[in-house]
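>>> show me how the following folds:
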Amino acid sequence: MKNYQKALGVITVIAAMPLMAQTTIKVTTFADEDNENMNACSLREAITAAEMRKSYGGCEVSAIDANYTIQLEGGTYTLNKELTPKIGLNIIGKEATDWERKGVLTNDYPAQKALETRINAGGKSRIFNTAVYQQPLTLTNIILENGKSTEFGGAIYAGADVTLKNSQILNSQASKGGAIYLGGNTASLTMSHSLIQNNGLTSTEGSILAMSCMFNTSYSARTISLDSNSFVNNGSTNSISAFNFCGSPTASFTNNTIAQNIASPTNGSILKFTGDADPAKNQTSNLSSDSSLILQNNTIVENSANTTFLYDKLGDKNLNFNVLAFNNGSYACRYLLGAAAEEKDTGLDLKFNALNLTGNAPKCDVPKEVVPTGNTNIDVINNPLNTLLEPLLKGPNENNGFLPIYYPKNNFSASDLIDVDSGNKVTCQTQDQRGLARLVSNTYYYQTLNKNSCDIGSVELMKLAAGDLEGLGNISFTTLIDTYQKSYDLYDSLLKDPTTPSNFIVYYKVRLGEFKDLLDKFKNDTAHVNTKYRAIYIDLKNYGFPLPTEDSNHVLKFFNTGDYNVTAEPLGVAQKVEDLTPKTETKKNQRCVWNPTVQQILFYRVDDDPTSSTTNEFCKYTITTKAGVELSSGLIKAKFANIAPVSGDGTITFKYLANEMIPLNLLKYANDDGDGPVSTLSTNSDKSQFADLPIYLPSKASKDGIFTVVKADREGPCPGKDSKNTCYGGNIYIQAKNVFNTFNDTLSYNVYDANGLISAKPGTINLISTATTTDDSRSGGGGGGSLGIFSIASLLGLAIYRRYRK
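Numbers count the residues shown, from 1 in each chain. Here you go, the predicted structure:
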């Protein structure tokens, strides 16, 4: 099924490419020009052209659209002053992928590359100011560097939503918001897989991020979503914060590395989420009680400040699976108004975090009610940093996604950060900072003693594991083959297209070969070695299984049949797997096998019984070494369903003026091939495709009433619950109401398969008169193109009839 969805996704994306190309403005010079060189298009000119929706300077606009994409190349674009766009912008740097090789983190195309596109303000100004015209900004694959402002936002001063994808902000400075300042009422920030480094060295507040608190008399409401980023080496001892939250923010940090940042050792915080007010003194708060903060799977270590996380009672604060320890300062966590131990209703919730809860500075000072006896957090008081985490890996490396990260260590001890939630009590992030699937939300029925559960921090240590697969079912075999064929045809056409970019050729050839192989092994499987009746074809890699294993150098080794074997066995039918025993009789008609030819598990039945709504079909698969050592097993839970037959379309030609009764063999256009080859059944292998009376006609007249069904070879009640309707077998016979008819018409029909399931949609038979074709038997009539009297009469009669029907 995932092959099917993946292929459709590829087709959709490629179909949209010509439209995208028409609305893309390509920048061709690194200089900061403004309508002074008609032979080159600068970034500033491209923005103006997008605003004007027409060509400007050296920038050509080939199509008028509401939204434009500005495409940059690899290199450094220098600025003389800030960019102040008047419209929403989508700016994309040079593609940071290599389509000619597989990625080391995905084992699939494309491989990830380091960023090559930079916008450098040279310390002359900030880079983007969207506060003036309050327009959204999206940046992808771009490094912003050396922005500077004496006030707000060293790189970006935002008056509307900002989105950063796979980008960087480096060496930018401002008094507030060294990297980014969110102004206005609702300016929000979404950032993914990006690096924020060496910013805010002159900041006094928010060396990474700051924001406006109020708009007129209301709290500024905004959303901040930070996922899979690294925030490293920002700030100085002059700043009171690295992240400074106020107003009414909804903020979430997931899978981030926040490390080696600096704030004031006297009153500074790395994460400041407080209202800076004492309710007992009737002071006005700059943080709304409707605010919220989520910290999940972050590694927050080696920062230097008085407090790493400063909080009060305002807003909800949920912290799960974070390393919030090993920082330099007085507190890892601190309550704004004093000692936290006896405080109530702080809105703080902590689960599965690595914290210093009982030691001296820097202690995480939280209320007793938040960490009761038996809480799930790990107290790391007796564990130095180097026993739980490897040193910060800073260098650009594809293995770490070109982001600085900390790898966890597995010492196989209770204090490790590895596999801490064996009971799946809390849901952690489904991917780690590198983008690798944790897959910890799945059940692991056969791995209760060595469960691959959540790790604490932004990086998941990978180990080979077979996961459980639930909710599987067979899909239409004909649909599957059609999708493979369309995918093959798509890649074949792309390879034959002389305009296809050369860097995609290797990838397209690989995909073409894959779909050719699938067609050879499925479509051309006349012996039915690889194809079975109502089979579920399980390609484990499409589900991310088995999980790869990670060596001591953090190089991933993916599953391959050169190093591993797969075995599979049916378990039987039951409501739940616990109801099954080794002697279960219901497995006798199940088959669950690893097919080495197609490299998939085939799960099917040798009888034609579908699975009931109250039961499931179970199978176990096991990964072993070539020497036969079992490494990991997974459970498959599935249902087998009857695939509906198909009422196909067809065309019948009838002779003009021939008062004939036309026989229609509608089954000629229908099929029940979606279930797969019936000959592979052990019982009922000669099963008919259709019911005894398989044809149902929604109406005994054609759509426009030209034809009427006058009889059939056989007729009787339709199958099952539709027995109140009449169905037909053999040929049906239709006859025109008017022999002078010169119009075409259509007839709709459905079919029932042998199990009594009706086709999902009716088929359409086009009834074509020879009066509308080259086989026109009509007389020339009055000549000169005129119509004979009888033809005129028939036309008028039919027109009146159609009007009456309407």
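>>> Glu45 belongs to a helix?
Yes: counting by DSSP: H, G, I helix; E, B strand; the rest coil, Glu45 is found in a helix.
>>> quick one, what contacts it?
Glu33, Asp34, Asn35, Tyr56, Gly57, Gly58, Cys59 (CB atoms under 8 Å, 6 or more residues apart in numbering). To be clear about C-beta, it is placed using only N, CA and C from the backbone, and glycine gets the same treatment.
>>> looking at these, which has the most residues close by?
Cys59 (26 neighbours; other CB atoms under 10 Å).
>>> mind checking which helix or strand Ser511 is in?
If you look again at residue 511, you'll see it is Arg, not Ser. Arg511 is part of helix 505-518, with elements assigned from DSSP states H and E.
>>> mean confidence (pLDDT) on that helix, please.
Taken as a whole, helix 505-518 carries a mean pLDDT of 97.
>>> in that helix, what's buried?
Tyr507, Tyr508, Arg511, Leu512, Phe515, Leu518 (16 or more other CB atoms under 10 Å).
>>> which residues sit against that helix?
The contact list for helix 505-518, computed with CB under 8 Å, 6+ apart, reads 3, 7, 10, 99-101, 109-110, 484-485, 487-488, 491-492, 494-495, 500, 598.
>>> kindly indicate which of the buried residues of helix 505-518 lies nearest Thr479.
Leu518 (13.6 Å; CB to CB).
>>> state the distance from that closest one to Asp98.
25 Å (CB to CB, to the nearest Å).
>>> excluding its backbone neighbours, what's nearest Phe565?
In this structure residue 565 is Asn, not Phe. Closest residue in space to Asn565, ignoring its immediate chain neighbours: Thr624 at 4.8 Å, by CB to CB, 6 or more residues apart in numbering.
>>> could you list the domains of this protein?
According to automatic domain parsing, the chain comprises the domains 255-274+281-395+406-428, 473-639, 646-776.
>>> what mean pLDDT does the first one get?
If I follow you right, that is domain 255-274+281-395+406-428. The model assigns domain 255-274+281-395+406-428 a mean pLDDT of 94.
>>> centre of the chain to it, how far?
Mean-position distance between domain 255-274+281-395+406-428 and its chain equals 30 Å (CA atoms, centre = their mean, to the nearest Å).
>>> ok, now the second one?
Relative to the chain's own centre, domain 473-639 is displaced by 21 Å; criterion: CA atoms, centre = their mean.
>>> could you shift the numbering so residue one becomes 4, and keep it that way?
Will do, 4 is the new start, and the previous item becomes domain 476-642.
>>> what's the end-to-end length of that domain?
Terminal residues of domain 476-642 are spaced 5 Å apart (CA to CA, to the nearest Å).
>>> wait, isn't Leu670 in contact with Leu696?
No: contact criterion CB atoms under 8 Å: Leu670 and Leu696 do not qualify, at 11.4 Å.
>>> hang on, the earlier thing: TSV for the buried residues of helix 508-521, including distance to Phe562?
Below are those laid out as TSV (distance: CB to CB, whole Å):
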residue	distance to Phe562
Tyr510	21
Tyr511	25
Arg514	20
Leu515	24
Phe518	21
Leu521	19
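>>> count the residues that sit near Leu185.
Count around Leu185 with other CB under 10 Å applied: 29.
>>> how far away is the closest residue in space to it that isn't next to it in sequence from Thr193?
Using CB to CB, 6+ apart and skipping the chain neighbours, the partner closest in space to Leu185 is Met214 (4.0 Å). For Met214, the distance to Thr193 (CB to CB) stands at 14 Å.
>>> find the nearest non-adjacent residue to Lys604, please.
Not Lys; residue 604 is Ile. Ile541 (4.0 Å).
>>> quick one: contacts for that neighbour?
Neighbours of Ile541 in contact, by CB under 8 Å, 6+ apart: Leu472, Leu475, Gln603, Ile604, Leu605, Phe606, Ile639.
>>> which one of the residues you listed sits closest to Thr153?
Using CB to CB, the contacts of Ile541 come closest to Thr153 at Leu472, 57.7 Å.
>>> can you pull up the bridge partners for the closest one?
Ile639 (DSSP bridges).
>>> number of nearby residues for it?
So Leu472, with other CB under 10 Å, has 22 neighbours.
>>> so what pLDDT did Ala280 get?
Note for Ala280: predicted pLDDT of 85.
>>> quick one on the thing from earlier: tell me the one among the contacts of Glu48 nearest to Asp424.
Out of the contacts of Glu48, the member with the shortest distance to Asp424 (by CB to CB) is Cys62, at 53.4 Å.
>>> quick one: contacts for that closest one?
Contacts of Cys62 by CB under 8 Å, 6+ apart are Ile28, Val30, Cys44, Ser45, Glu48, Ala49, Thr51, Ala52.
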